[in-house]
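J.: model the following, please.
(chains A and B)
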Amino acid sequence: GDSVTQMEGPVTLSEEAFLTINCTYTATGYPSLFWYVQYPGEGLQLLLKATKADDKGSNKGFEATYRKETTSFHLEKGSVQVSDSAVYFCASSLSSGSARQLTFGSGTQLTVLP
Amino acid sequence: NAGVTQTPKFQVLKTGQSMTLQCAQDMNHEYMSWYRQDPGMGLRLIHYSVGAGITDQGEVPNGYNVSRSTTEDFPLRLLSAAPSQTSVYFCASSLRGALYGYTFGSGTRLTVV
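T.: As a prediction, this is how the structure comes out:
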């Protein structure tokens, strides 16, 4: 079945450091890919998405590019802030029928120190 | 604009008890889903609905029931609670599925003793 694999956490960075969180997927079709963020005590929020190969999703300084050849959707940010501390989830979804649900990775805890 | 509202926020149950987790959305979304979040396992889909009167099973449906009598409400019922159901439960809704983005509630933390 479909699955999403994320790099193990936790990740601890200093403010203004470069962030990469790796994500790879397996799917029988051509999924759409997402990054969700969960701040402490809250539900998940959609951060960015990409719906086809070579698409780049971006939001709030975060970027991720849909790489079909490596089945990857790595999350990057050039300069992290303390307010970026959260859990980040990579997710996939097929676009047809009942498969419009999300398959999540295990999440990566990010802590940014001042 | 309330979004997705889940109640209760916290609950402790004894093994064998039943209860209903409530979920309501005010965005007229067709799709609603229940997930459970366990450490190191991400979120796993329990049940979902693509409209009033239509429900289907997700990845981990055993021990849970759902119904969707209105567009707004999607309650999750635990029939006979077990310690393995200790988890954080999230309800989510979407206009028409993942491409439109899912809006999540703030979660219910359930402990079964």
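J.: which residues are in contact with B:L13?
T.: Taking C-beta atoms under 8 Å, 6 or more residues apart in numbering or on different chains as the contact definition, B:L13 lies against B:M19, B:L78, B:A81, B:L110, B:T111, B:V112, B:V113. Backbone N, C-alpha and C define where each C-beta goes, glycine included.
J.: so the first one touches B:P8, yeah?
T.: If I follow you right, that is B:M19. No. Under the contact definition of C-beta atoms under 8 Å, B:M19 does not touch B:P8, with a separation of 9.1 Å.
J.: which one of the contacts of B:L13 is nearest to chain A?
T.: For the contacts of B:L13, the minimum distance to chain A (C-beta to the nearest C-beta) is 15.2 Å, reached by B:L110.
J.: tell me the spacing between the residue nearest to the closest one when sequence neighbours are not counted and chain A.
T.: Beyond its immediate neighbours in the sequence, the residue positioned closest to B:L110 (C-beta to C-beta, 6 or more residues apart in numbering or on different chains) is B:Q11, lying 5.1 Å away. When C-beta to the nearest C-beta, to the nearest Å is the yardstick, B:Q11 and chain A sit 16 Å from each other.
J.: now do B:Y102
T.: Remark: distance between B:Y102 and chain A (C-beta to the nearest C-beta) = 7 Å.
J.: so B:M19 and B:P8 - more neighbours on which side?
T.: When B:M19 and B:P8 are compared for neighbours, B:M19 comes out ahead with 16 against 11, by other C-beta atoms under 10 Å in any protein chain shown.
J.: so where do the strands sit in chain A?
T.: In order along the chain, chain A carries the following strands (DSSP state E): A:3-6, A:11-14, A:19-21, A:23-26, A:32-38, A:44-50, A:56-59, A:62-65, A:75-77, A:86-93, A:103-104, A:108-113.
J.: I'm done for today, thanks for sticking with me.
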